[in-house]
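Asker: sequence first, predicted coordinates after that:
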Amino acid sequence: MVSPTCRSIWLLFVFGIVVVVCEASCAEDLPISGAIQVTPASLTLKHHRYEQSLIVSGRTAEGLAVDLTDGAVIRSSDESVAIVKQGWITPLKSGEAKIVVQAAGQTVEVPLKIELPAAELPYSF
């Protein structure tokens, strides 16, 4: 069963009667063999306006690389230090936390260090 988050690709041959339907495989439908990888493996953020995202990936038993980012659950262990919205990590105050990533039935913790300046830097163009 293909999950509703999967996209179907429809190819229609205009000058023929044949309609070809291909369903794209979703990462959550593929069995992952071994540990998932999260990139970068650790984070240091040094400004309020500098957000960061992560890439979550894994491999099937056949060795096919699979991007698991879209289906991953990503959260901060301390939302007073940093929050995660739509996969983007936003620093709130200086400190340390872990970014907890769950995908393919596995959990990975990414160390996060926030080193914000004492005063807000002015915008520069």
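Answerer: Received it, and whenever you're ready, just let me know what you need. Residues are numbered from 1 along each chain as shown.
Asker: what's in contact with stretch 111-122?
Answerer: For stretch 111-122, the surrounding residues in contact (Cβ atoms under 8 Å, 6 or more residues apart in numbering) are 42-48, 76, 81-82, 89, 91-99. Using the backbone N, CA and C atoms, a C-beta is placed for each residue, glycine as well.
Asker: in ChimeraX, how would I select just the buried ones from these?
Answerer: Command for ChimeraX that selects the buried part of these, burial taken from 16 or more other Cβ atoms under 10 Å:
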select :43,45,76,81,82,89,91,92,97,98,99
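Asker: can you flag which of the contacts of stretch 111-122 belong to strands?
Answerer: 43-45, 76, 82, 89, 91, 95-99 (DSSP state E).
Asker: make a markdown table out of the residues you listed and add distance to Ala65.
Answerer: Compiled in a markdown table, the ones in strands among the contacts of stretch 111-122 are given as follows (distance: Cβ to Cβ, whole Å):
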| residue | distance to Ala65 |
| --- | --- |
| Leu43 | 22 |
| Thr44 | 27 |
| Leu45 | 27 |
| Ser76 | 27 |
| Ala82 | 28 |
| Ile89 | 23 |
| Pro91 | 30 |
| Gly95 | 34 |
| Glu96 | 31 |
| Ala97 | 29 |
| Lys98 | 25 |
| Ile99 | 22 |
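Asker: low-confidence ranges in this protein?
Answerer: Residues of the chain meeting the criterion pLDDT under 70: 1-30.
Asker: spatially central residue in the protein, please.
Answerer: Thr69 (3.2 Å; Cα atoms, centre = their mean).
Asker: could you find the closest non-adjacent residue to that one?
Answerer: Nearest residue to Thr69, sequence neighbours excluded (Cβ to Cβ, 6 or more residues apart in numbering): Val56, at 4.7 Å.
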